[in-house]
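Undergrad: Would you be able to build a 3D model of this:
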Amino acid sequence: MKVLSGVKLLEFAAIGPVPWCGMLLADMGASIVRIDRPGAARAPDNLGSVRRGRTAVEIDLKSDLGRRQALELVASADALIEGTRPGVMERLGLGPQECHQCNPRLVYGRMTGWGQTGPLALRAGHDINYIALTGALHAIGTAEHPVPPLNLVGDFGGGGAFLAMGVLGALLESRSTGQGRVVDAAMVDGSAALMAVAFNRMHLGQWRDQRASNGLDGGAPWYGCYATRDGRFMAVGAIEPQFYANFVRGLGLDEAALPDRADASNWPVLRQRFAEVFAARTRDEWAAHFEPHDACVSPVLSMTEAPDHPHLASRGTFTTIDGKRVPSVAPRFEGEAVETAGASRTVGFAEAMQLWR
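TA: Residues are numbered from 1 along each chain as shown. Below is the predicted model:
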């Protein structure tokens, strides 16, 4: 038994954070039925293992029959997640009001970029737009310009993860009160929440509102990446004094002979010195050199290399699905086998209903 065994979740097909959220919940044991558009099973699937653990059923939500079928599934669900623009589900007759009429205990999880309310609620956007307005994008990159951190901050960290947390929290309430709840998960809200520590430090005068000028944004020479002789990189996170001392010794340098790192005016000199040393060896040579040292120094691995790292391999951080190496289960639960949800499959409506009964 997994921690969410017995939880029945209805997922309306969407892109980005909604199926990723579904992956997390499926791996934790939730039974998920995904409603797809007609013909979806014949279309190219660019989500692959992200859609694992679902039973898919194709329903035309714009038809009266499709709406009735969807509401039948809603009536048996503990929760649902959807990722349409505000008002779309209401126009389909599948908004929170209609769904709660047939299932008062339902948790209704809504994932949007801008949120259900506000001047931009109906505006189109993507991860980069949401993090741009929250200060997150401004804080990430080089001194010269921001660098989008893939779509990790808005879509997944600030979106899907907060949707999952909101749904799980509302499920706890629903099980104790019998009353459902609407979860308004907005990527702008989640992205802002991820920046809480940086905002607090700024208000305390411990963070400059300028990229690459702080301890954790690449400004400090002991927290960043350095090119090696073979054009690859090593990552350094030697923040604390003891780790910094180990890092400097690992480079073969004398800390007493280096400029004081507490003075930010010395950072360019330190960075240049560290860069010169790192450039003398290859990445793998440095990785082997620092392996026995507790100095917070790691090789920067590619996506192809990462699954084979001994630590990740020992934990089963990656797994193989359909012959492809993909991320495995997170988080882990003590005493529970580390295994991903099974492959997704498409069934007819009657079979989908039977599975939940």
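
Undergrad: For this protein, which segments count as helices?
TA: Secondary structure of the chain (DSSP state H): helices at 17-27, 64-76, 88-91, 96-102, 127-133, 161-177, 187-194, 196-203, 241-250, 267-278, 283-290, 310-315, 349-356.

Undergrad: Out of those, flag the one nearest V326.
TA: For V326, the closest of those is helix 17-27, at 9.9 Å, according to CB to CB. From N, CA and C alone the C-beta is placed, and that goes for glycine too.

Undergrad: Any idea what the closest residue in space to A287 that isn't next to it in sequence is bridged to?
TA: Closest residue to A287 apart from its sequence neighbours, by CB to CB, 6 or more residues apart in numbering: P299 at 4.1 Å. Per DSSP bridges, the residues bridged to P299 are M234.

Undergrad: what number of residues lie near P299?
TA: Neighbourhood size, P299 [other CB atoms under 10 Å]: 20.

Undergrad: what's the answer for G113, then?
TA: If we define neighbours as other CB under 10 Å, then G113 has 26 of them.

Undergrad: So what touches stretch 302-313?
TA: With contacts defined as CB atoms under 8 Å, 6 or more residues apart in numbering, stretch 302-313 is touched by L301, T317, F318, R325.

Undergrad: Just the buried subset of the residues you listed, please.
TA: Buried members of those, counted by 16 or more other CB atoms under 10 Å: L301, T317, F318.

Undergrad: Looking at those, which is nearest F243?
TA: For those, the residue nearest F243 by CB to CB is L301; the value is 20.5 Å.

Undergrad: who touches the closest one in this structure?
TA: L301 neighbours (CB under 8 Å, 6+ apart): H309.

Undergrad: so how far is H309 from the residue nearest to A287?
TA: Distance, P299 to H309, using CB to CB, to the nearest Å: 9 Å.

Undergrad: about what we covered before: hang on, the residue nearest to A287 packs against M234?
TA: Yes - look at P299 against M234 with CB atoms under 8 Å: they come within range, at 6.0 Å.

Undergrad: what touches both of these two?
TA: R283, W286, A287.

Undergrad: coming back round to it: highest mean neighbour count across the helices of the chain, which stretch is it?
TA: Ranked by mean neighbour count, those are led by helix 17-27 with a mean of 25 (mean count of other CB atoms under 10 Å).

Undergrad: State the mean pLDDT of that one.
TA: Mean pLDDT, computed over helix 17-27, is 97.

Undergrad: Can you give me the domain assignment for this structure?
TA: According to automatic domain parsing, the chain comprises the domains 8-194+322-356, 223-227+233-299.

Undergrad: possible to save those domains as JSON lines with distance to S213?
TA: Shown next, in JSON lines, are those (distance: least, CB to CB, whole Å):
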{"stretch": "domain 8-194+322-356", "distance to S213": "7"}
{"stretch": "domain 223-227+233-299", "distance to S213": "8"}
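
Undergrad: Contacts only, for R85.
TA: Contacts for R85 (CB under 8 Å, 6+ apart) come out as T112, L122.

Undergrad: Over to it: give its phi and psi.
TA: Here is the backbone geometry of R85 (degrees, to the nearest 10): phi -70, psi 150.

Undergrad: ok, now which ones touch A295?
TA: For A295, the contacting residues are A238, F243, N246, F247, G250, by CB under 8 Å, 6+ apart.

Undergrad: How about I321?
TA: Neighbouring residues of I321 by CB under 8 Å, 6+ apart: G48, S49, R52, T340, A343.

Undergrad: 6 Å instead, please
TA: With contact taken as CB atoms under 6 Å, 6 or more residues apart in numbering, I321 is in contact with S49.

Undergrad: who does it bridge with?
TA: Beta bridges link I321 to K324, judged by DSSP bridges.

Undergrad: Quick check: the gap between it and P331.
TA: Taking CB to CB, one finds I321 at 19 Å from P331.

Undergrad: Give me the neighbour count for G95.
TA: Other residues within reach of G95, judged by other CB under 10 Å, total 18.

Undergrad: now S298
TA: By other CB under 10 Å, 18 other residues sit near S298.

Undergrad: next one: the one 10 residues further on
TA: Here the count is done by other CB under 10 Å, and D308 has 11 residues near it.

Undergrad: Next one, pLDDT for it please.
TA: On the pLDDT scale, D308 is placed at 97.

Undergrad: which stretches of the stretch 1-150 of the chain have low pLDDT?
TA: By pLDDT under 70, the stretch 1-150 of the chain contains no weakly predicted segment.

Undergrad: Having no further points to raise, I will conclude here.
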